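>>> Sequence unavailable; structure follows:
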């Protein structure tokens, strides 16, 4: 298997875009400093973090007890990783110094043999590596490896990289060479929460050390063994961290070997982190079978288990996938982190095989659930991203308890905000990728980028107000010879008859995209010179969308999308009507676009033709409900919940 | 307030009816013996009951430890009560002897001062009356009082009645006279689980002893006091039975004084048991305000919180009411016991004020949720009565865990089967009631009844195959002077224009019902003689029903009813189609009736014109789903789940 393309170095891409430059700015100016204050327990009234202090204690700098979750270290790692990306977006010597100080503490917290984990170093040194199912040692290691690689790539500084190589080498000795902990039977070992697999692959790519590939592959191939490692280690050690409960093998994707898995099951974040690692290993080991398993799992998610908002994980029970076509809107989980993990997965698949089905899903997750996970002011965050909230029910005890109707400040288990921060700051990685002769454009984000093709340094500016309009202009700023610009033709431009509402003009001359399209990408091969332009015109207009009739929760309902953006209705825009009384008109639907004001400043608002039911007194009646015409106002889903608690719904009942 | 009518003595009514005589036979032959075997732990493989053995231990007959729930005694009480009704339906000396033996044990288990409760006598004698919130002493007392009254009324034997008078007198001493337990501050005391209120009122009616009315009224008026009794007793005693958790005042209807309550909240069974007791006290104390509160609460349930199956209690969280118009079909609770309690409540309201709104709800609950709570063979029971089950989801961990897709054998907390048994055997009480000059017919059940009006002994036979047809013929077998026969005109016969599809013919001559109707009852005053007939012709035909547009879960859907019977679709009758792909045709809907076979023998089956969607591959698409015509087969809801696990739904999406 040939790697088709690779991610651009973040230092080589600059985002200058009406939408995302603002989000990057928000994360850099607001979220990252807030996160650091959180980690250092400087935010008044916030839940105690103690995460950096744990490292200080492990380093012997201060005395104290470990405090926090067994995976508290990962909060520091994700902050460092996000800072690394932030330094690529916007160099900041002060921030770099702050990070360097923390890295010094981490370095000192590392044990002689390379072991690094403050929970076990400080609190339970006798229990290291004994409880992979519950104790997230490998998960924390994975995040710190990602931080180390990102910080090295951003700054060239290798202090943390060397720390994490030493930890990874130690891990290799434990799990591959079996040269440490002689009385620990690690045959068949797997991480409880996948993450270290994809992290080891990043470490392998940056160092070239095959040990890390070998270790990642081992963890992946061990998963789903008939004899459960988790049962074995539980019996052996005689203690538990969270309590004595039976193993749910689907929860940890440990129900069958990964190559045989064809339906996404279990904890959604764990699943997509695992699949991302699988895709990395598939490529690097030239393992077609493993790639096919990834593709099958991706298809299951994309065709049967994803919300129209790009959310995944339908049930709060285990924060997990449910069943194909079971997509409840009001009890949904759809964790922000799961959609971010899905983007990681799609990115890896795209680099192996550019195929618009991966990028369409990546785009849907990004523009809806991921952006919606953050308040427009960057100060509050959703963990759960419902497609329907009902005041008085959502967030209240019972089946809607996890579905908060407005974003809270922070979480005890603070995974989503830092994950958002690292995704937004590293967004450049997802926009385009390249190989020796081809630059592949996956997302349409304004800015400039520099690529080192074989023997040809290329610079391209991207001018667009996407997704307000679907016009994307690539201006070649530098190129000395022929190369191919591959541009994704978004799935939403596909007409019902199979044609595409998309045009591409090279230096003003339209090319027949049907002749250059492969797997949803148009391949423009041209002897590009400085000043050449490639103009894409994707038709972006509001559309009525139907769910597959197998989805029982959306029967008789429609959603409205506009390009990659899914829309929703909030009752406060609709005279506080109960949203269940509204109907969207599905024949000759009229849409009117306007531009939002106030907190929705600049967002495209839609007025859609529809109806409202009159509610009479009887609960059940043989009288058909009566309807009167009513214009229904809709806003982008990602902007919901920014104006206080009110009813919201993505899917609205329809009427001809 | 004048009591309008009273329940007939069960010995004076005989049910001979195609539907209910069979159910009574089933309960008497199958359920009651099974229950006794359960109580005596003779059922192999069943969960241990130990309920009668607890009484033996308390009586000093055997040695042993108390076993079971803190309310285990109530299982024995409900069995005795059902046996009492059964003896009215079908005298059985063997059964009577069995019950007498158990009653002797209960008598011996009573303490010197009248106290009776095996949990506290055997296990925690030092804790009596200290934990009304959790420990169900008064609840068990209530059920045993009901058993005592029923057994006395059925057999004339007063052993258990005297036992329970002594216990009720003791309870009066504790809570009214404060003459026992000097260090127990019982000011403001209320039962955790209402039941004793309505039971004390039954005891009051049969004994005429006003102490019981006084005690019932006290418990009702104490509820919702600003200073929570439950908090007070918790602080005082320093121990808990179930654990330390904050009081949810709505759960126990303790959030405000009952006279101020206007929305049904909290645990549904507790609610309707409370409201039943309130109605009893309202009448007996001539308390209009309390009656109005009952009426308001009834209206809230009937107009905003009941399922079309007569199920109540929308959420498994606390087995409770949710919010007005929140009626989820797939996560519903709708406990069988709650619908039975609703029938108790409606019965009491009807006796105060005959009003068809009460009887319509009673009928809906009876013919749908209550009958559906029992397998057609009488051997298995539902606790939760969903309006939608989805194999692979229902009954599985998560939000559908409580929603079993088929009836299980019995329950650890075995409240529903005995409650069903006592309702079915005492059904005669709900069919009609009477006062000095009027006999009021609420339900239409074939059989014969004898009434002692003032100075006029009346016998009436009822000939009907209701609800197969709506023809109900009353034949006067004995009467010596004028009286009024008041007949409910069922709500389902009301046409959209306000007229009724109902006729009444007295000795063959049609009378104008609009002239004799009041609150939904037609009052036929006539100088009835032996052989006179009153023929009611209620038009029973399948109808399409719409939910109020405020109900979000039923938007765009319809249900089918036929008279009092709600219908549902099971996938096995529809080529295993996914039910969400079906649409019922709502213009010119054609219905075809046929008679079921096999396990559905004799049930009326409906074939309804509709459509089925073709499901293409895409999860979300701008293509409208395509439909082809399809006849949809429906069966009575109460007969669902009798042919193995398969998808079921009451509400089906509609299409013109």
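On my side now, so go ahead. Predicted, not measured: the structure shown is a model, and the values here were computed from it.

>>> ok, longest helix in chain A?
Longest helix in chain A by number of residues (criterion: DSSP state H): helix A:137-155.

>>> moving C-terminal of that one, what's the next helix or strand?
helix A:159-172 (DSSP states H and E).

>>> and whichever helix or strand comes after that next one, what other elements does it pack with?
Downstream of helix A:159-172, the first helix or strand assigned by DSSP H and E is helix A:196-207. Counting contacts by 3 or more CB pairs under 8 Å, 6 or more residues apart in numbering or on different chains; DSSP states H and E, helix A:196-207 is packed against helix A:137-155, helix A:159-172, helix A:210-222, helix A:268-284. Quick note: C-beta positions are derived from backbone N, CA and C, even for glycine.

>>> Give me the neighbour count for the residue lying closest to residue A:87 once chain neighbours are set aside.
Among residues not flanking residue A:87 along the chain, residue A:154 sits closest, at 4.8 Å (CB to CB, 6 or more residues apart in numbering or on different chains). Neighbour count of residue A:154, defined by other CB atoms under 10 Å in any protein chain shown: 24.

>>> Next up, the contacts around residue A:154.
Going by CB atoms under 8 Å, 6 or more residues apart in numbering or on different chains, residue A:154 touches A:10, A:11, A:84, A:85, A:87, A:88.

>>> okay, it: pLDDT?
Note for residue A:154: predicted pLDDT of 97.

>>> and it, how far is that from chain B?
Distance, residue A:154 to chain B, by CB to the nearest CB, to the nearest Å: 38 Å.

>>> what do you get for residue A:454?
Per CB to the nearest CB, residue A:454 is found 39 Å from chain B.

>>> What about the nearest residue to that residue once chain neighbours are set aside, how many residues nearby?
Excluding its sequence neighbours, the residue lying closest to residue A:454 (CB to CB, 6+ apart) is residue A:436, at 3.9 Å. With neighbours defined by other CB under 10 Å, the count for residue A:436 comes to 11.

>>> how close does residue A:436 sit to chain B?
35 Å.

>>> before we move on, what about residue A:643?
In terms of CB to the nearest CB, residue A:643 sits 21 Å off from chain B.

>>> Correct me if wrong: that residue contacts residue A:570.
Yes: using CB atoms under 8 Å, residue A:643 is in contact with residue A:570, at 7.3 Å.

>>> These two: which has the busier surroundings?
Higher neighbour count among residue A:643 and residue A:570: residue A:570, with 22 against 16, using other CB under 10 Å.

>>> Helix or strand: which one has the closest residue to chain B within the stretch 401-550 of chain A?
The minimum distance from the stretch 401-550 of chain A to chain B, using CB to the nearest CB, falls at residue A:549 (3.7 Å). Residue A:549 is part of no helix or strand, with elements assigned from DSSP H and E.

>>> Find the nearest non-adjacent residue to residue A:73, please.
That would be residue A:140: by CB to CB, 6+ apart, it lies 4.3 Å from residue A:73.

>>> Does that neighbour touch residue A:69 like I think?
No: counting by CB under 8 Å, residue A:140 does not reach residue A:69; the two are 10.0 Å apart.

>>> Compare those two and say which one has the larger neighbour count.
Counted by other CB under 10 Å, residue A:140 and residue A:69 do not tie: residue A:140 has more neighbours, with 27 against 16.

>>> Chain B versus that one, what's the distance?
Distance, residue A:140 to chain B, using CB to the nearest CB: 28 Å.

>>> what sits in contact with each of residue A:643 and residue A:570?
Applying CB under 8 Å, 6+ apart, one finds that no residue jointly contacts residue A:643 and residue A:570.

>>> wait, what's in contact with residue A:595?
Residue A:595 neighbours (CB under 8 Å, 6+ apart): A:602, A:603, A:604, A:605.

>>> Could I get those residues in a markdown table, plus columns for secondary structure?
Formatted as a markdown table, these follow (DSSP: H, G, I helix; E, B strand; the rest coil):
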| residue | secondary structure |
| --- | --- |
| A:602 | coil |
| A:603 | coil |
| A:604 | strand |
| A:605 | strand |
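
>>> Only whichever of those residues are buried, select them in ChimeraX.
Applying 16 or more other CB atoms under 10 Å in any protein chain shown to the contacts of residue A:595, the buried members can be selected in ChimeraX as follows:
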select /A:603,604,605
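
>>> Between the contacts of residue A:595, which sits nearest residue A:340?
residue A:603 (22.1 Å; CB to CB).

>>> I'd like the distance between the closest one and chain B.
22 Å.
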